[in-house]
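give the three-dimensional model of this entry:
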Amino acid sequence: MTSSGTSTLSTSDLAGARVGVVGLGRTGLAVVDVLTALGAQVTVLDARESAVDEARAAHPGLAEAVSGDDDAVAEAATSSDLRLLVVSPGVPATGPVLTGAAAAGLETWSEIELAWRLQQARDRETGRTVPWIAVTGTDGKTTTVGMLSAILTAAGLNAPAVGNIGVPTISVVAEGRADALTVELSSFQLHTTRTLSPLAAACLNLAPDHLDWHGGYEAYGADKARIYEHAQRAAVYNVADPATQAMVDGADVVEGCYAVGFTLGVPALGQVGVVEDIFVDRAMHADRFRAGLELATLEDLAHLAPGGEADRLPAHVAADALAASALAMAHDAVAADPAAVREGLRTFRPGAHRLVTVGSADGVTWVDDSKATNPHSAQAALTSLPEGTGVWIAGGDDKGADFHELVRAVRPALRGVVVIGRDEGPLLAALADEAPDVPLTRVPDGTSQAVIDGAVEVAAAMAQDGDTVMLAPACASWDQFTSYGERGDMFAAAVARRTAGERG
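All right, here's what the predicted structure looks like:
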């Protein structure tokens, strides 16, 4: 049995079984905790010797601990008598670990697959079903999952946001306190997930990203499409993105599952959309054939718009809210109390590094959108700026992306560009081709702090009264920072130092 099939192996079979865990970040360590509790004989494998030592110290009874590069980890995994391999999302699809496991017939699961199977076992034991509502997409996942969690909470449920958002799903399942889970899933996680059957699922959009990890756009899209497999009640897609509807059309869903579109336009039957600034459901409520059901208004999202003005709400934020509303209506608790949609959206607050204003001085607004780690998300942020008022800080690990379409789309918004990062070539080429008249400065490589400080200084010199300086890198952070969070934190701190000096 390989990762391409669906096995009958259950969590009850893991007691005494040899199981390998590849990758010992926060999620990997949580997996080790649960597998140990289930009685498995656990082998841990990671490139970092320090991570292996930490796992060994926390679990003295580990069967084996291996550190080394990807080839060494792959050899250790496939040459042992492991029955199962649970892999970190960071293990690339085309790398030696997963390709070697497939060649050896070694079954591989994601943490999500393990968590789902554990959830099913717990549900059978307790007689209580804890549904999952799952969200993927190139962009908007975290915002949508946060909104969804807020709506379900407003309906009286304990419905934490878990998964790629940063909270290991396996830990929350093991605790057993949730009424429902709102699960953010990356393409990495979906690649080795096979039996997940969510109550409702959505792919918000699809644009090139992580192509180096997947080996190409087609493979990336195929992994995203897994979100819809076995969906029970609603398969939610983006009307403006035909690729997501094609995923729904091709999915093997549970009989009776609805296809539900979300749109910024007036909704047709089977859709959730907007009519005169009102969110209207014509898909999930009982009287949908005769009339729409009001769920919320754009004014309920005004706190997410620049200056608290609903008419300035970025389109992608409204789209995320529509998707969250459609997903939430699939749950009986929200269907019985649709007012929870409005209350949840009103109380939702975005996480850090997602279009957060971190400073304002001398008429210039500074915005941290460090979470914009691909061209699609950067485009959504920058196109919301008035013409010629944006100073864009961009660059980093490009993940094999092309930037021409992005630069072409955001060119009208730009006053200037500040380029950081080590993969500068593709971005500079796109700027030269699509925006040759826009002033550009390249910040030299250096320490993380020096790079950010330099970018802030250059951007401040470019910006004029009424402008916005936006860190929307369109790239991952791994070339010069430990995470997009560190990149955003350093940016916010540098802006705070500068704006404090200007006020003084």
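
the nearest residue in space to residue 90 that is not next to it in sequence: neighbouring residues, count only.
Counting by CB to CB, 6 or more residues apart in numbering, the nearest residue to residue 90 once its immediate chain neighbours are dropped is residue 23, at 5.7 Å. For every residue, glycine as well, the C-beta is placed using N, CA and C. Using other CB atoms under 10 Å, residue 23 has 23 neighbouring residues.

need phi/psi at residue 23.
As for residue 23, its main-chain torsions (degrees, to the nearest 10) stand at phi 100, psi 120.

what sits against it?
Contacts of residue 23 were listed using CB atoms under 8 Å, 6 or more residues apart in numbering, and they are 45-46, 87-91.

if you rank the residues you listed by neighbours, which is first?
Among the contacts of residue 23, the one with the most neighbours (other CB under 10 Å) is residue 45, at 31 neighbours.

now tell me what touches the helix or strand hosting that residue from outside.
Taking DSSP states H and E as the criterion, residue 45 maps to strand 41-46. The contact list for strand 41-46 (CB under 8 Å, 6+ apart) reads 16-24, 28, 32, 35-36, 52, 55-56, 59, 62-67, 73, 76-77, 80, 82.

and with 6 Å instead?
Strand 41-46 is contacted by residues 18-22, 24, 32, 35-36, 52, 55, 62-67, 73, 76 when judged by CB atoms under 6 Å, 6 or more residues apart in numbering.

could you report the neighbour count for the nearest residue to residue 322 once chain neighbours are set aside?
Nearest residue to residue 322, sequence neighbours excluded (CB to CB, 6+ apart): residue 262, at 4.1 Å. Neighbours of residue 262 under the rule other CB under 10 Å: 30.

now do the one 3 residues further on
Here the number of neighbours of residue 265 (other CB under 10 Å) works out to 11.

beta partners for residue 476?
Note on residue 476: beta-bridge partners residue 397, judged by DSSP bridges.

quick one: contacts for the residue most central in space within the chain?
The centre of the chain sits closest to residue 141, judged by CA atoms, centre = their mean, with a distance of 4.4 Å. Residue 141 sits next to 135, 184 when contact means CB under 6 Å, 6+ apart.

strands of the stretch 101-250 of the chain, start to end?
Remark: strands assigned in the stretch 101-250 of the chain by DSSP state E, counting those that start in this stretch are 108-110, 132-136, 161-163, 181-184, 200-203, 234-238.

tell me which other helices or strands the second one touches.
Read it as strand 132-136. With contacts taken as 3 or more CB pairs under 6 Å, 6 or more residues apart in numbering; DSSP states H and E, strand 132-136 sits against helix 141-154, strand 181-184, strand 200-203.

I'd say residue 348 and residue 148 touch.
No - applying CB atoms under 6 Å as the test, residue 348 and residue 148 come out as separate, 9.2 Å apart.

break the protein down into its structural domains.
Domain ranges of the chain: 17-109, 113-347, 356-502, per the TED database.

and of those, who's closest to residue 11?
Residue 11 lies closest to domain 113-347 among these, at 4.9 Å (CB to CB).

end-to-end on the closest one?
31 Å (CA to CA, to the nearest Å).

then whichever strand or helix holds residue 393 to CSV, C-alphas only?
In this structure, residue 393 sits in strand 390-394 according to DSSP H and E. Included here for strand 390-394 are C-alpha records, laid out as CSV according to Å, rounded to 0.1, in the frame of the first residue of the first chain:
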residue,chain,number,x,y,z
GLY,A,390,1.8,52.6,-3.2
VAL,A,391,5.5,52.0,-2.2
TRP,A,392,5.9,48.3,-2.5
ILE,A,393,8.5,46.3,-0.5
ALA,A,394,8.8,42.9,-2.3
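
begin at 50 from here
All set: I'll call the first residue 50, so the last point we hit is now strand 439-443.

what does it rub up against?
431, 462-467, 504, 508, 511-512, 516-520, 522-523.

so which of the strands of the stretch 150-299 of the chain comes closest to residue 548?
When these are compared by CB to CB, strand 210-212 sits nearest residue 548, at 31.6 Å.

for that closest one, what is the distance to the chain centroid?
On the basis of CA atoms, centre = their mean, to the nearest Å, strand 210-212 is displaced by 10 Å from the centre of the chain it belongs to.

which residues touch the nearest residue to residue 434 once chain neighbours are set aside?
The spatial neighbour of residue 434 that comes closest, neighbours along the chain excluded (CB to CB, 6+ apart), is residue 462 at 4.3 Å. If you count contacts by CB under 6 Å, 6+ apart, residue 462 has them with 431, 434, 439.

likewise residue 377?
197, 200, 383, 390.

of these, closest to residue 155?
Nearest to residue 155 among the contacts of residue 377, with distances taken as CB to CB, is residue 197, at 35.0 Å.

what pLDDT does the closest one get?
pLDDT, the model's per-residue confidence, is 99 for residue 197.

next one: the one 4 residues further on
According to the prediction, residue 201 has pLDDT 99.

looks like it contacts residue 208 (just checking).
Yes - contact criterion CB under 6 Å: residue 201 and residue 208 qualify, at 3.6 Å.

those two - which one has more neighbours?
When residue 201 and residue 208 are compared for neighbours, residue 201 comes out ahead with 29 against 26, by other CB under 10 Å.

C-alpha coordinates for whichever strand or helix holds residue 499, CSV please?
According to DSSP H and E, residue 499 maps onto helix 497-511. What follows is helix 497-511, C-alpha atoms only, in CSV (Å, rounded to 0.1, in the frame of the first residue of the first chain):
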residue,chain,number,x,y,z
SER,A,497,17.8,40.2,8.5
GLN,A,498,17.6,43.4,10.6
ALA,A,499,19.9,45.3,8.2
VAL,A,500,17.7,44.3,5.2
ILE,A,501,14.5,45.4,6.9
ASP,A,502,16.0,48.6,8.2
GLY,A,503,17.3,49.4,4.8
ALA,A,504,14.0,48.7,3.1
VAL,A,505,12.2,51.0,5.6
GLU,A,506,14.6,53.8,5.0
VAL,A,507,14.4,53.6,1.2
ALA,A,508,10.6,53.3,1.3
ALA,A,509,10.3,56.4,3.6
ALA,A,510,12.4,58.4,1.1
MET,A,511,10.1,57.4,-1.8
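
right, and the helix or strand after that helix?
strand 517-520.
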